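# build me a structure from this.
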Amino acid sequence: MIPYGRQNITQADIDAVTEVLQSDFLTQGPAVPAFEQRLCELTTAKYAVAVNSATSALHLACLALGVGPGSRVWTSPISFVASANCARYCGADVDFVDIEPESGNMSVAKLRQKLEAARDNNCLPQVVIPVHLAGSSCDMKQIHDLGQQFGFSIIEDASHAVGASYQNEPVGTCRYSDITVFSFHPVKIITTAEGGMALTNNLQFAEKMRLLRSHGITRDADLMTEPSHGAWYYQQLLLGFNYRMTDMQAALGLSQSHRLQSIVQKRQLLAEKYHHLLAELPLQLPPLDKINKSAWHLFIIRLNDKTTRHAVFAGMREAGIGVNVHYIPIHTQPYYQQLGFDWGDLPVAEDFYERIISLPMFPELTNEQQKFIADTLARLLA
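Sure, this is the predicted structure:
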């Protein structure tokens, strides 16, 4: 079976993890801050907070921005459920903004329309979470401009987009957002096995996320409410979580980060080859943007005739091609239906879902495998 995604582990990665295993620190050692510093260098963000998953990073980002009961958070319906769940963990209300059919990203026009209606009804969001689907950035400058106009904060869910660029700058610079979140799950661009990171240019946000990721506990005497009892002393200042990344994970991520550019370049070449191989088929291809470069975590095609998807999906799987679907619209999940959402609420996202298939996309995908995928798809669509 050709999987839709696959981690890439080199001997250098193995050596980096082995070095940690033979060191004095398996966790809370020097590898985590080194990995954080590396991501700051790659993105130009000032601060980075490594955690055990992108879900945890999204949760901490919401908390850092003051999301809580009574808050309103808007996000995209075409994403993994964590993009919305992070606000629900805080007790906030969640709503969704429909998408652009070409990219699957949040529609700026739909966002503006929804904001104008919310302003009239006195129910504007506190935070908006655009999702960079498949590794392609949303139009962050326009979303940022709307944030300035309507008074909301922005969390970029860039779980798919480490290594991508927007307006010739790396995604993660936080020029147009308060916090950016990356994922390092095995099928993402680089991996720490499980893991995530929140980046920001705001020291207050970074300090709060660092405190919350480790139980809300500090050993910093300057933050304590009374004089320290001694070198052993710590205080819990907030109700935090055990969201720490281990040094083993950080060492793997740090090693992989040195190949980030070459990994993304390989994915971009694969995307260009897919465009060449599939150009004549009855389907819509994801846009190729020479300025805002995707990291190509996923390669999502849209079938012209959505009634054929079941047969095409099954036929590809039967041929040994591990296609997938990214994603089932969040608002149609039973949990969110219980909150009042339903099919029909976001028609563009729902039509997008009914047509899409994710083709295999990982750096080791060969020319022969890509041609086999294209030929199989052509045969099934015929």
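# quick one, phi/psi of residue 94?
phi -120, psi 140 (degrees, to the nearest 10).
# that one against residue 77, yeah?
No. With contact defined as Cβ atoms under 8 Å, residue 94 does not count as touching residue 77 (10.3 Å). From N, CA and C alone the C-beta is placed, and that goes for glycine too.
# name the residues of stretch 224-232 that come out as buried.
By neighbour count on 16 or more other Cβ atoms under 10 Å, the buried set for stretch 224-232 is empty.
# which residues touch it?
Identification of contacts with stretch 224-232 by Cβ atoms under 8 Å, 6 or more residues apart in numbering yields 218, 221, 233, 235, 237.
# could you dump these into TSV with secondary structure and pLDDT added?
TSV is the format used below for these (DSSP: H, G, I helix; E, B strand; the rest coil; pLDDT from 0 to 100):
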residue	secondary structure	pLDDT
218	strand	96
221	helix	93
233	coil	97
235	strand	97
237	coil	97
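# how about residue 138, secondary structure?
coil (DSSP: H, G, I helix; E, B strand; the rest coil).
# ok, back up a step: more neighbours, residue 94 and residue 77?
Comparing residue 94 with residue 77 by other Cβ atoms under 10 Å, the one with more neighbours is residue 77, at 30 against 22.
# contact partners for the more buried one?
Applying Cβ under 8 Å, 6+ apart, the residues near residue 77 are 96, 97, 98, 99, 329, 330, 331, 346, 349.
# what's the first helix or strand after the helix or strand residue 33 falls within?
Taking DSSP states H and E as the criterion, residue 33 maps to helix 31-43. Using DSSP H and E, the helix or strand that follows helix 31-43 in sequence is strand 47-51.
# in the protein, which spans are helices?
Ranges of helices within the chain are 11-21, 31-43, 54-64, 82-89, 108-120, 140-150, 203-213, 247-257, 260-278, 309-318, 334-337, 347-355, 367-381, based on DSSP state H.
# deepest of those, which one?
Ranked by mean neighbour count, these are led by helix 54-64 with a mean of 27 (mean count of other Cβ atoms under 10 Å).
# could you give the average pLDDT over that helix?
For helix 54-64, mean pLDDT rounds to 98.
# can you state the direction angle for it and helix 82-89?
40 degrees (axes from the mean of the first three to the mean of the last three Cα atoms, to 10 degrees).
# what does helix 54-64 rub up against?
Helix 54-64 is contacted from outside by 49, 51, 73, 82-83, 85-87, 89-90, 92, 127, 129, 155, 157, 159, 178-179, 181-185, 195-198, 200, 204-205, 208-209, 212-213, 241, 243, using Cβ under 8 Å, 6+ apart.
# and for stretch 308-328?
Contacts of stretch 308-328 (Cβ under 8 Å, 6+ apart): 1-4, 78-80, 133-134, 298, 300, 303, 353-360, 372-373, 376-377, 379-381.
# and for stretch 287-298?
4-5, 102-103, 133-137, 160-168, 171, 187-189, 264, 267-268, 270-272, 275, 286, 326, 358, 361.
# I'd like to know which of these are buried.
4-5, 103, 133-137, 160-166, 171, 187-189, 264, 267-268, 270-271, 286, 326, 358, 361.
# just the ones of the residues you listed in strands?
Using DSSP state E, 165, 166, 358 are the members of these that sit in strands.
# may I have the predicted confidence score for the residue lying closest to the second one once chain neighbours are set aside?
The one in question is residue 166. Spatial nearest neighbour of residue 166, excluding adjacent residues (Cβ to Cβ, 6 or more residues apart in numbering): residue 137 at 3.9 Å. If you check residue 137, the pLDDT there is 98.
# give me the distance between residue 137 and residue 225.
For residue 137, the distance to residue 225 equals 42 Å [Cβ to Cβ, to the nearest Å].
# for residue 381, same thing?
Residue 381 is 66 Å from residue 225, by Cβ to Cβ.
# excluding chain neighbours, give the residue nearest to residue 143 in space.
residue 130 (5.6 Å).
# got the contact list for that neighbour?
With Cβ under 8 Å, 6+ apart, residue 130 has these contacts: 75, 76, 105, 106, 138, 140, 143, 154, 156, 157.
# now swap in residue 346 and tell me
77, 96, 98, 99, 329, 331.
# and the pLDDT for the fifth one?
For residue 329, the model assigns a pLDDT of 98.
# which elements pack onto the helix holding residue 33?
On a contact count with 3 or more Cβ pairs under 8 Å, 6 or more residues apart in numbering; DSSP states H and E, helix 31-43 meets strand 47-51, strand 196-200, helix 247-257.
# list of residues touching the second one?
What that stands for is strand 196-200. 36, 39-40, 43, 45-58, 60-61, 64, 159, 172, 174, 178-184, 206, 209.
# how far does it sit from its chain's centre?
Its chain's C-alpha centre and that of strand 196-200 lie 11 Å apart, by Cα atoms, centre = their mean, to the nearest Å.
# adjacent strands (with direction) for it?
Partners of strand 196-200 in the sheet, by DSSP bridges, are strand 47-51 (antiparallel), strand 179-183 (antiparallel).
# which one of these is the most hemmed in?
Most buried among the strands paired with strand 196-200, given mean count of other Cβ under 10 Å as the contact rule, is strand 179-183, at a mean of 31.
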